[in-house]
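In: 3D model of this:
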Amino acid sequence: MDKEIYSFTDYRLYIKCKIYNGDRARRGELSSLAVAIPCQTSYLSRVMSGESDLSLEQADCAGRHLGLSQDENSYFLLLVQYSRAGTQSLRAHFKRNIATAQEERLSLHKRVGVKQVLSKEDQATYYSLWYYAAVHVMTGIPALQTKSAMAQELGLPANKLAEILEFLVNTGLVKEVPDGRYHTGEGKLHLKKDSRMILRHHSNWRTQAIRSMEKDLESGIHYSVLLNCSKKDANILRSMIAKFIQDFMNVVHPSSDEEMNCLVIDFFNPKA
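Out: Next up is the predicted model:
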(Lines give C-alpha, C1' and ligand atoms only; values in the text may rest on other atoms or scores of the structure.)
Protein backbone atom coordinates (compact mmCIF):
# COMPACT_ATOMS: atom_id res chain seq x y z
CA MET A 1 0.00 0.00 0.00
CA ASP A 2 1.35 3.44 -0.95
CA LYS A 3 1.81 5.84 1.94
CA GLU A 4 -0.43 8.86 1.53
CA ILE A 5 1.20 12.27 1.42
CA TYR A 6 -0.20 13.32 4.81
CA SER A 7 2.17 10.88 6.55
CA PHE A 8 5.15 12.92 5.28
CA THR A 9 6.71 16.15 6.56
CA ASP A 10 9.52 16.15 3.95
CA TYR A 11 8.43 16.58 0.33
CA ARG A 12 11.60 14.92 -0.96
CA LEU A 13 10.79 11.72 0.93
CA TYR A 14 7.32 11.71 -0.60
CA ILE A 15 8.74 12.11 -4.12
CA LYS A 16 11.18 9.28 -3.42
CA CYS A 17 8.31 7.12 -2.22
CA LYS A 18 6.53 7.73 -5.52
CA ILE A 19 9.35 7.40 -8.07
CA TYR A 20 12.31 5.70 -6.35
CA ASN A 21 13.28 2.07 -5.80
CA GLY A 22 15.63 2.18 -2.86
CA ASP A 23 18.21 4.93 -3.39
CA ARG A 24 17.69 5.26 -7.15
CA ALA A 25 14.87 6.68 -9.21
CA ARG A 26 13.10 4.18 -11.43
CA ARG A 27 14.13 4.37 -15.09
CA GLY A 28 12.78 7.47 -16.77
CA GLU A 29 10.88 8.73 -13.69
CA LEU A 30 13.29 11.51 -12.74
CA SER A 31 13.58 12.85 -16.28
CA SER A 32 9.81 12.67 -16.71
CA LEU A 33 9.31 14.71 -13.54
CA ALA A 34 11.97 17.20 -14.71
CA VAL A 35 10.07 17.72 -17.97
CA ALA A 36 6.80 18.23 -16.08
CA ILE A 37 8.22 20.84 -13.70
CA PRO A 38 10.05 21.97 -15.97
CA CYS A 39 13.75 21.98 -15.05
CA GLN A 40 17.02 20.26 -15.89
CA THR A 41 17.38 16.70 -14.58
CA SER A 42 20.67 17.71 -12.97
CA TYR A 43 18.88 20.42 -11.00
CA LEU A 44 16.19 17.99 -9.89
CA SER A 45 18.92 15.63 -8.71
CA ARG A 46 20.33 18.43 -6.54
CA VAL A 47 16.83 19.03 -5.15
CA MET A 48 16.48 15.37 -4.24
CA SER A 49 19.89 15.37 -2.54
CA GLY A 50 18.90 18.39 -0.44
CA GLU A 51 21.23 20.88 -2.10
CA SER A 52 18.36 22.92 -3.61
CA ASP A 53 14.61 23.31 -3.22
CA LEU A 54 11.75 23.34 -5.68
CA SER A 55 10.12 26.70 -6.26
CA LEU A 56 6.41 26.87 -5.47
CA GLU A 57 5.66 27.00 -9.18
CA GLN A 58 7.75 23.87 -9.77
CA ALA A 59 6.14 22.18 -6.77
CA ASP A 60 2.67 22.91 -8.14
CA CYS A 61 3.62 21.25 -11.44
CA ALA A 62 5.24 18.34 -9.61
CA GLY A 63 2.12 17.74 -7.52
CA ARG A 64 -0.06 17.56 -10.60
CA HIS A 65 2.45 15.25 -12.30
CA LEU A 66 2.39 12.94 -9.27
CA GLY A 67 -1.40 12.74 -9.48
CA LEU A 68 -2.23 14.66 -6.30
CA SER A 69 -5.74 15.92 -5.66
CA GLN A 70 -6.29 19.62 -5.05
CA ASP A 71 -6.14 19.19 -1.26
CA GLU A 72 -3.13 16.90 -1.48
CA ASN A 73 -1.34 19.36 -3.74
CA SER A 74 -1.99 22.15 -1.24
CA TYR A 75 -0.37 20.00 1.44
CA PHE A 76 2.58 19.26 -0.88
CA LEU A 77 3.06 23.01 -1.39
CA LEU A 78 3.01 23.44 2.38
CA LEU A 79 5.83 20.90 2.72
CA VAL A 80 7.87 22.81 0.15
CA GLN A 81 7.29 26.09 1.98
CA TYR A 82 8.41 24.43 5.21
CA SER A 83 11.61 23.23 3.55
CA ARG A 84 12.30 26.63 1.95
CA ALA A 85 11.67 28.68 5.12
CA GLY A 86 14.80 30.65 6.02
CA THR A 87 14.15 31.45 9.68
CA GLN A 88 13.29 29.37 12.73
CA SER A 89 10.07 31.31 13.35
CA LEU A 90 8.91 30.77 9.76
CA ARG A 91 9.76 27.06 9.91
CA ALA A 92 7.81 26.81 13.17
CA HIS A 93 4.86 28.53 11.47
CA PHE A 94 4.76 26.05 8.59
CA LYS A 95 5.35 23.13 10.96
CA ARG A 96 2.22 24.11 12.88
CA ASN A 97 0.28 24.34 9.62
CA ILE A 98 1.50 20.87 8.64
CA ALA A 99 0.39 19.44 11.99
CA THR A 100 -3.02 21.08 11.59
CA ALA A 101 -3.43 19.68 8.08
CA GLN A 102 -2.52 16.18 9.30
CA GLU A 103 -5.00 16.40 12.16
CA GLU A 104 -7.75 17.54 9.82
CA ARG A 105 -6.96 14.64 7.50
CA LEU A 106 -7.41 12.22 10.39
CA SER A 107 -10.70 13.80 11.39
CA LEU A 108 -13.33 11.40 10.11
CA HIS A 109 -15.97 14.05 10.60
CA LYS A 110 -14.50 15.86 7.59
CA ARG A 111 -14.09 12.67 5.56
CA VAL A 112 -17.66 11.34 5.80
CA GLY A 113 -20.27 13.68 4.27
CA VAL A 114 -22.49 14.75 7.15
CA LYS A 115 -25.88 16.14 6.12
CA GLN A 116 -28.12 15.65 9.14
CA VAL A 117 -27.51 15.82 12.88
CA LEU A 118 -29.96 14.63 15.53
CA SER A 119 -30.85 16.74 18.54
CA LYS A 120 -29.06 15.76 21.74
CA GLU A 121 -32.26 14.20 23.08
CA ASP A 122 -32.76 12.12 19.93
CA GLN A 123 -29.09 11.16 19.88
CA ALA A 124 -29.49 9.75 23.37
CA THR A 125 -32.25 7.47 22.05
CA TYR A 126 -30.66 6.58 18.72
CA TYR A 127 -27.35 5.53 20.27
CA SER A 128 -28.81 3.95 23.40
CA LEU A 129 -29.09 0.48 21.83
CA TRP A 130 -27.67 -1.13 18.70
CA TYR A 131 -30.96 -1.90 16.98
CA TYR A 132 -31.91 1.73 16.29
CA ALA A 133 -28.95 2.08 13.93
CA ALA A 134 -29.49 -1.46 12.60
CA VAL A 135 -33.10 -0.78 11.60
CA HIS A 136 -32.12 2.59 10.15
CA VAL A 137 -29.48 0.99 7.90
CA MET A 138 -31.75 -1.94 7.04
CA THR A 139 -34.33 0.37 5.47
CA GLY A 140 -31.86 0.87 2.63
CA ILE A 141 -32.07 -2.81 1.64
CA PRO A 142 -35.07 -3.43 -0.67
CA ALA A 143 -35.57 -7.02 0.48
CA LEU A 144 -35.78 -5.92 4.15
CA GLN A 145 -38.00 -2.84 4.02
CA THR A 146 -41.09 -4.39 5.60
CA LYS A 147 -41.76 -4.84 9.31
CA SER A 148 -42.01 -8.60 9.01
CA ALA A 149 -38.71 -8.88 7.14
CA MET A 150 -36.93 -6.64 9.66
CA ALA A 151 -38.35 -8.47 12.65
CA GLN A 152 -37.25 -11.82 11.23
CA GLU A 153 -33.81 -10.57 10.29
CA LEU A 154 -33.08 -8.99 13.68
CA GLY A 155 -35.14 -11.25 15.93
CA LEU A 156 -37.00 -8.31 17.44
CA PRO A 157 -40.56 -8.41 18.84
CA ALA A 158 -43.08 -6.64 16.59
CA ASN A 159 -43.91 -4.02 19.24
CA LYS A 160 -40.27 -3.12 19.78
CA LEU A 161 -39.72 -2.83 16.03
CA ALA A 162 -42.77 -0.58 15.70
CA GLU A 163 -41.41 1.66 18.46
CA ILE A 164 -38.05 1.92 16.72
CA LEU A 165 -39.61 2.69 13.33
CA GLU A 166 -41.87 5.33 14.84
CA PHE A 167 -38.85 7.08 16.34
CA LEU A 168 -36.91 6.90 13.07
CA VAL A 169 -39.84 8.24 11.07
CA ASN A 170 -40.44 11.09 13.54
CA THR A 171 -36.80 12.17 13.32
CA GLY A 172 -36.83 12.06 9.52
CA LEU A 173 -34.19 9.34 9.34
CA VAL A 174 -36.72 6.94 7.81
CA LYS A 175 -39.82 7.55 5.72
CA GLU A 176 -42.90 5.31 5.40
CA VAL A 177 -44.20 4.94 1.86
CA PRO A 178 -47.83 4.16 0.85
CA ASP A 179 -47.24 0.44 0.28
CA GLY A 180 -46.25 -0.02 3.93
CA ARG A 181 -42.53 -0.25 3.26
CA TYR A 182 -39.89 1.86 4.96
CA HIS A 183 -37.17 3.72 3.05
CA THR A 184 -34.08 5.48 4.33
CA GLY A 185 -34.63 9.22 4.82
CA GLU A 186 -32.38 12.06 3.77
CA GLY A 187 -28.86 12.57 5.03
CA LYS A 188 -26.20 10.60 6.82
CA LEU A 189 -25.18 10.44 10.45
CA HIS A 190 -21.72 10.68 11.95
CA LEU A 191 -20.70 11.35 15.53
CA LYS A 192 -17.81 13.69 16.16
CA LYS A 193 -15.09 12.19 18.33
CA ASP A 194 -15.93 14.64 21.13
CA SER A 195 -19.63 13.71 21.20
CA ARG A 196 -21.00 12.44 24.51
CA MET A 197 -22.66 9.59 22.60
CA ILE A 198 -19.47 8.25 20.97
CA LEU A 199 -18.67 5.80 23.79
CA ARG A 200 -22.15 4.27 23.61
CA HIS A 201 -22.00 4.01 19.81
CA HIS A 202 -18.64 2.21 19.89
CA SER A 203 -19.72 -0.03 22.78
CA ASN A 204 -22.91 -1.08 20.99
CA TRP A 205 -21.11 -2.43 17.94
CA ARG A 206 -18.16 -3.94 19.75
CA THR A 207 -20.65 -5.89 21.83
CA GLN A 208 -22.30 -7.06 18.61
CA ALA A 209 -18.88 -8.07 17.24
CA ILE A 210 -18.34 -10.31 20.27
CA ARG A 211 -21.80 -11.83 19.84
CA SER A 212 -21.03 -12.43 16.17
CA MET A 213 -17.88 -14.34 17.11
CA GLU A 214 -19.80 -16.41 19.65
CA LYS A 215 -22.38 -17.40 17.03
CA ASP A 216 -20.16 -17.87 13.96
CA LEU A 217 -16.43 -17.20 14.14
CA GLU A 218 -15.78 -18.28 10.55
CA SER A 219 -18.06 -16.01 8.54
CA GLY A 220 -16.61 -12.68 9.68
CA ILE A 221 -13.11 -11.23 9.87
CA HIS A 222 -11.95 -10.79 13.45
CA TYR A 223 -8.36 -9.79 14.16
CA SER A 224 -6.63 -8.54 17.28
CA VAL A 225 -2.90 -7.96 17.72
CA LEU A 226 -0.73 -6.24 20.31
CA LEU A 227 2.34 -4.75 18.66
CA ASN A 228 5.45 -2.66 19.23
CA CYS A 229 6.45 0.13 16.85
CA SER A 230 8.06 3.56 16.85
CA LYS A 231 6.02 6.68 17.63
CA LYS A 232 6.65 7.88 14.07
CA ASP A 233 5.32 4.63 12.58
CA ALA A 234 2.33 4.71 14.92
CA ASN A 235 1.35 8.04 13.37
CA ILE A 236 1.83 6.55 9.89
CA LEU A 237 -0.40 3.60 10.83
CA ARG A 238 -3.11 5.94 12.08
CA SER A 239 -2.99 7.82 8.80
CA MET A 240 -3.17 4.53 6.84
CA ILE A 241 -6.23 3.43 8.81
CA ALA A 242 -7.95 6.77 8.20
CA LYS A 243 -7.14 6.45 4.47
CA PHE A 244 -8.49 2.86 4.47
CA ILE A 245 -11.77 4.05 6.01
CA GLN A 246 -12.11 6.70 3.32
CA ASP A 247 -11.40 4.14 0.56
CA PHE A 248 -13.78 1.69 2.28
CA MET A 249 -16.61 4.23 2.23
CA ASN A 250 -15.88 5.09 -1.40
CA VAL A 251 -16.73 1.44 -2.20
CA VAL A 252 -19.74 1.36 0.14
CA HIS A 253 -21.54 4.45 -1.19
CA PRO A 254 -22.10 3.23 -4.79
CA SER A 255 -22.56 -0.42 -3.79
CA SER A 256 -25.94 -2.18 -4.20
CA ASP A 257 -27.94 -2.48 -0.97
CA GLU A 258 -28.22 -6.26 -0.54
CA GLU A 259 -27.02 -7.12 2.98
CA MET A 260 -26.02 -5.37 6.18
CA ASN A 261 -22.46 -5.65 7.49
CA CYS A 262 -20.58 -3.97 10.33
CA LEU A 263 -17.00 -2.65 10.39
CA VAL A 264 -15.32 -2.14 13.76
CA ILE A 265 -11.73 -0.81 13.90
CA ASP A 266 -9.59 -0.01 16.94
CA PHE A 267 -6.00 1.22 17.03
CA PHE A 268 -4.91 2.59 20.38
CA ASN A 269 -2.25 2.68 23.07
CA PRO A 270 -3.48 0.29 25.81
CA LYS A 271 -1.61 2.17 28.57
CA ALA A 272 -3.42 5.42 27.85
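
In: show me what the host helix or strand of Ile98 is packed against.
Out: Per DSSP states H and E, Ile98 falls inside helix 88-106. In terms of contacts (3 or more Cβ pairs under 8 Å, 6 or more residues apart in numbering; DSSP states H and E), helix 88-106 is packed against helix 70-84, helix 231-252. Placement of C-beta: from N, CA and C, glycine included.

In: could the ones you listed be laid out in TSV, adding mean pLDDT and mean neighbour count?
Out: Formatted as TSV, these follow (pLDDT from 0 to 100; neighbours: other Cβ atoms under 10 Å):
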stretch	mean pLDDT	mean neighbour count
helix 70-84	92	18
helix 231-252	91	14
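
In: pipe these into a markdown table and attach distance to Val225 per row.
Out: Shown next, in a markdown table, are these (distance: least, Cβ to Cβ, whole Å):
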| stretch | distance to Val225 |
| --- | --- |
| helix 70-84 | 30 |
| helix 231-252 | 12 |
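
In: ok, which of those comes nearest Ala133?
Out: Nearest to Ala133, of all these, is helix 231-252, at 14.9 Å by Cβ to Cβ.

In: any idea of the pLDDT on the nearest residue to Lys18 once chain neighbours are set aside?
Out: Computed as Cβ to Cβ, 6 or more residues apart in numbering, the closest residue to Lys18 that is not its neighbour in sequence is Leu66, at 5.5 Å. Predicted confidence (pLDDT) for Leu66: 84.

In: so how far is Glu57 from Leu66?
Out: Between Leu66 and Glu57 the computed distance is 15 Å (Cβ to Cβ, to the nearest Å).

In: now swap in Thr139 and tell me
Out: Distance of Thr139 to Glu57, given as Cβ to Cβ: 52 Å.

In: neighbour-wise, which of those two wins?
Out: Thr139 (23 against 9; other Cβ atoms under 10 Å).

In: wait, what's in contact with the more buried one?
Out: 145, 168, 174, 182-184 (Cβ atoms under 8 Å, 6 or more residues apart in numbering).

In: redo that, cut-off 7 Å
Out: By Cβ atoms under 7 Å, 6 or more residues apart in numbering, the residues touching Thr139 are 145, 174, 182-184.

In: give the PyMOL command for selecting the buried subset of the residues you listed.
Out: Only the buried entries of the contacts of Thr139 go into this PyMOL selection, using 16 or more other Cβ atoms under 10 Å:
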select buried, resi 145+174+182+184
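
In: now tabulate the contacts of Thr139 in a markdown table and tack on pLDDT.
Out: A markdown table is the format used below for those (pLDDT from 0 to 100):
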| residue | pLDDT |
| --- | --- |
| Gln145 | 91 |
| Val174 | 89 |
| Tyr182 | 91 |
| His183 | 90 |
| Thr184 | 87 |
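
In: ranges for the strands of this protein?
Out: For the chain, the strands defined by DSSP state E cover 20-21, 24-25, 174-176, 182-184.

In: now distance to Asp247 too, for those, in TSV please.
Out: Below are these laid out as TSV (distance: least, Cβ to Cβ, whole Å):
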stretch	distance to Asp247
strand 20-21	24
strand 24-25	27
strand 174-176	28
strand 182-184	23
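
In: please name the nearest non-neighbouring residue to Ala162.
Out: Excluding its sequence neighbours, the residue lying closest to Ala162 (Cβ to Cβ, 6+ apart) is Lys147, at 7.1 Å.

In: touching, that neighbour and Lys160? I think so.
Out: No - using Cβ atoms under 7 Å, Lys147 is not in contact with Lys160; the gap is 11.0 Å.

In: measure the residue lying closest to Ala149 once chain neighbours are set aside to Gly185 for me?
Out: Spatial nearest neighbour of Ala149, excluding adjacent residues (Cβ to Cβ, 6+ apart): Ala143 at 6.7 Å. Ala143 sits 19 Å away from Gly185, taking Cβ to Cβ as the criterion.
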